[in-house]
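**Student:** My questions are about this predicted structure, shown below with the sequence.
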Amino acid sequence: MTKRILITREIPKNGLTLLREHGFEVDVCPGTTGDAPLSQEELLSHLRQNSYDGIISLLTDKIDATLMEAAPSVKIVANYAAGFNNIDLAEAKKRGIVATNTPGVSSLAVAEHAIALMLALTTRIVEADLFTKKGKYKGWSPMAFIGTDLSGKTLGLIGVGSIGIEVARIAAQGFAMKILYYDVVPNEKIEKDYHAQRITTVEEMLPQADVVSLHVPLLDSTHHLINAARLNMMKKSAFLVNTSRGPVVDENALVTALKERVIAGAALDVFEFEPELAPGLASLENVILTPHIASARDHARAEMARIAAQNIIDFFDGKKPQNQVNP
Ligand code: GLV
């Protein structure tokens, strides 16, 4: 019988084409709020309209017990994201629902975004752009917008999965940065290839780094990994970059630290209560904010669509999907 898949938002067409070529019926939620994620009510209402066999979900869709209850025919949730903290994996497993993700294919994009944020902080390019567009540029000044070099500085990586490894590569090979890393598992490859040095505690690493970049998944153990106490351990001249998940940083504590110049600046692509920003964050001068777009590149997104679709195809072909996250 034809299998029916719900894709909760428009994704690159190649994913849909692949599913349709394999005989799936595919519905894409049109949404009522432009490009914004579906509300939980909208999502539930879509799921109740048809008997779906699988879902391609976004990182903004909360795939919890209520949703699984509302869609008892769903056998696979293929997350269109590398992260999968939006899925209640234990609940899925209990109900025999397979969950998958799209790892690896967006790592380079996210790593480049992290490096772009580092450069934006050190070159003050965002402030300077705004200044120039506002017509404030009245002539060259020896003292205007003095930044700092990224090259030769010390980068502290927290988490060296596939994204952290790419950041280490670009930072070491492109900017001759000294790489320190904290991860629960040692990474011989970056130690050998980029002379990265493993630091066994976050506390030991923070005071040494000029830039701290976060690349951990969101887990109980990484929630508020960067808090007030740890911000206080960083150099006053240091920058914090977060392209991982918002709740890894205590955003209110970060606002206070930035206001009080405990650290020099921060750049965030993710937020603790996305899409809300912590009070005061947006009005700070020493912060750069992007709206969770680190993987928003044509190649990465097309690959994510392909992989999400392939996971569904494999599952209904009776194979174990390559990117199953709840074995
Ligand atoms: C993006 O945040 C992703 O998890 O792919």
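**Tutor:** Right, received. Where do you want to start? Residues are numbered from 1 along each chain as shown.
**Student:** so where do the helices sit in this protein?
**Tutor:** Taking DSSP state H as the test, the helices found in the chain are 13-21, 40-49, 65-70, 89-94, 107-123, 125-133, 162-175, 188-194, 202-205, 228-231, 251-259, 298-316.
**Student:** From the contact counts, what lies against the longest one?
**Tutor:** With contacts taken as 3 or more C-beta pairs under 8 Å, 6 or more residues apart in numbering; DSSP states H and E, helix 298-316 sits against helix 13-21, strand 54-57, strand 76-79, strand 98-100, helix 107-123. (Glycine included, C-beta is placed from N, CA and C.)
**Student:** Convert that helix to CSV, retaining C-alpha atoms only.
**Tutor:** Provided in CSV are the C-alpha atoms of helix 298-316 (Å, rounded to 0.1, in the frame of the first residue of the first chain):
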residue,chain,number,x,y,z
ASP,A,298,22.3,25.3,-0.8
HIS,A,299,24.5,22.2,-0.7
ALA,A,300,24.0,21.4,2.9
ARG,A,301,20.2,21.8,2.8
ALA,A,302,19.8,19.8,-0.3
GLU,A,303,21.9,17.0,1.2
MET,A,304,19.8,17.2,4.4
ALA,A,305,16.6,16.8,2.3
ARG,A,306,18.1,13.8,0.4
ILE,A,307,19.3,12.1,3.6
ALA,A,308,16.0,12.6,5.4
ALA,A,309,14.1,11.1,2.4
GLN,A,310,16.6,8.2,2.1
ASN,A,311,16.2,7.3,5.8
ILE,A,312,12.4,7.0,5.1
ILE,A,313,12.9,5.0,1.9
ASP,A,314,15.3,2.6,3.6
PHE,A,315,13.0,2.1,6.6
PHE,A,316,10.0,1.2,4.4
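**Student:** for the stretch 151-300 of the chain, what are the low-confidence residue spans?
**Tutor:** Within the stretch 151-300 of the chain, no stretch falls below the threshold (pLDDT under 70).
**Student:** Tell me the residues on it that lie near the ligand, please.
**Tutor:** Taking C-beta under 6 Å from any ligand atom as the measure of proximity, the stretch 151-300 of the chain contacts the ligand at residue 295.
**Student:** Report how many residues lie close to the residue of the stretch 151-300 of the chain found nearest the ligand.
**Tutor:** Taking C-beta to the nearest ligand atom, the ligand has its nearest neighbour within the stretch 151-300 of the chain at residue 295, 5.0 Å off. Summarising burial for residue 295: neighbours were counted as other C-beta atoms under 10 Å, giving 23.
**Student:** For residue 80, see how far away the residue nearest to it when sequence neighbours are not counted is.
**Tutor:** The shortest distance from residue 295 to any non-neighbouring residue, by C-beta to C-beta, 6 or more residues apart in numbering, is to residue 106 (3.7 Å). In this structure, residue 106 lies at 10 Å from residue 80, with C-beta to C-beta, to the nearest Å as the measure.
**Student:** Quickly list what's touching both of those two.
**Tutor:** Common contacts of residue 106 and residue 80 (C-beta atoms under 8 Å, 6 or more residues apart in numbering): residue 304.
**Student:** quick one, phi psi at the residue sitting nearest the centre point of the chain?
**Tutor:** Taking C-alpha atoms, centre = their mean, the centroid of the chain lies closest to residue 244, which sits 4.1 Å from it. Dihedral angles of residue 244 (phi, psi; degrees, to the nearest 10) stand at phi -100, psi -90.
**Student:** picking that back up, the residue nearest to residue 295: neighbour count?
**Tutor:** Every residue meeting other C-beta under 10 Å relative to residue 106 is counted, giving 25.
**Student:** Correct me if wrong: it contacts residue 296.
**Tutor:** No - between residue 106 and residue 296 there is no contact under C-beta atoms under 8 Å: 9.1 Å.
**Student:** Could you report the pLDDT at residue 1?
**Tutor:** Residue 1 is assigned a pLDDT of 86 by the prediction.
**Student:** pLDDT weak spots in the stretch 1-150 of the chain?
**Tutor:** 31-34.
**Student:** Can you tell me which residues in it are near the ligand?
**Tutor:** The stretch 1-150 of the chain has residues 59, 81-83, 106 near the ligand, with proximity defined as C-beta under 6 Å from any ligand atom.
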